[in-house]
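**Student:** When you get a sec, could you give me coordinates for this:
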Amino acid sequence: MAGKLYGIGVGPGDPELMTLKAVRLIEECDIVALPKSGEGEGVARQIAKGAVKDFEQKNVIEVSMPMTRDPQVLEQSHQAAAQLIEGYLKEGKSVAFLTLGDPAIYSTYIYVHKRVQQHGYPVEMVPGVPSFCAVAAKLNTGLAEGAQPLHIIPASYQGVEEGLEWSGPKVLMKTGRSMKKVKALLDEKGLLDKAMMVQKCGMEGEEIYPSMRDVDENASYFSVIVVEE
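**Tutor:** Take a look at the predicted model:
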């Protein structure tokens, strides 16, 4: 019988925010797969180490997930990751693929999940605390009330200007190296003084910014902006 692939959200950074189910499955699975990329390399491992008993004794494999937008490179890496994991599944081994935040939200895992599922192997997604929910808690603010729509915007991609025009509170993720541009856009739209940010939420080096005006343009990749409306 084939093994099963679990895409496990480990939350934004604080090991105490990992779910009981995530911890149990990581302890039970034969293999732990960790994404390896240029940004945040080793973060998922550090989070899991803080919550999972004897994590260092687990059989850990690294899966290359390059931080690029080149579609050909991405396709090759996703196919290679799926093939690697399917090799273990064929042997009847269960695999826990760890991903930051939640596997359904801007996750590197989901591309592997779809391919493995299409090839007929059993898969399951295990939700984790999304970074923007943890950020809202750090800022002591709600994200949406009543009938307000909440917009999640990938800030370094095309369409961010249009997104900032939408009615309702906004969360800006994936700012990458575009912080200077994002701050300028917020200022242009009259939203800079309504924006707050947390950098490295729940991680070492966490910084809370009640005002976006205090944010350096070289802020961390792990930065989430909340715009109140």
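**Student:** His113 is in contact with Gly7, isn't it?
**Tutor:** Yes. With contact defined as Cβ atoms under 8 Å, His113 counts as touching Gly7 (5.2 Å). Glycine gets a C-beta too; all of them are placed from N, C-alpha and C.
**Student:** and these two? which has more neighbours close in?
**Tutor:** Neighbours per residue, other Cβ atoms under 10 Å: of His113 and Gly7, the larger number sits with Gly7, 26 against 22.
**Student:** and stretch 108-123, average pLDDT?
**Tutor:** The average pLDDT for stretch 108-123 rounds to 96.
**Student:** Can you name the residues in contact with that stretch?
**Tutor:** With Cβ atoms under 8 Å, 6 or more residues apart in numbering as the contact definition, stretch 108-123 has outside contacts at 2-7, 35, 37, 63, 65, 74, 78-79, 81-82, 85-86, 89, 97, 99, 103-104, 125.
**Student:** Could you tell me which residues within it count as buried?
**Tutor:** Of the residues in stretch 108-123, those buried by neighbour count under the rule 16 or more other Cβ atoms under 10 Å are 108-113, 115-116, 121, 123.
**Student:** Just the CA trace of it, in PDB.
**Tutor:** Taking Å, rounded to 0.1, in the frame of the first residue of the first chain, the C-alpha atoms of stretch 108-123 are listed here in PDB:
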ATOM      1  CA  THR A 108       5.300  26.200  -2.000                       C
ATOM      2  CA  TYR A 109       3.800  22.900  -1.000                       C
ATOM      3  CA  ILE A 110       0.600  23.200  -3.000                       C
ATOM      4  CA  TYR A 111       2.400  22.700  -6.300                       C
ATOM      5  CA  VAL A 112       3.800  19.400  -5.100                       C
ATOM      6  CA  HIS A 113       0.400  18.400  -3.600                       C
ATOM      7  CA  LYS A 114      -1.400  18.800  -6.900                       C
ATOM      8  CA  ARG A 115       1.100  16.700  -8.800                       C
ATOM      9  CA  VAL A 116       1.300  13.900  -6.300                       C
ATOM     10  CA  GLN A 117      -2.500  13.800  -6.100                       C
ATOM     11  CA  GLN A 118      -2.900  13.700  -9.900                       C
ATOM     12  CA  HIS A 119      -0.600  10.700  -9.900                       C
ATOM     13  CA  GLY A 120      -3.000   8.800  -7.600                       C
ATOM     14  CA  TYR A 121      -1.300   9.000  -4.300                       C
ATOM     15  CA  PRO A 122      -3.200   9.800  -1.100                       C
ATOM     16  CA  VAL A 123      -2.700  13.400   0.100                       C
END
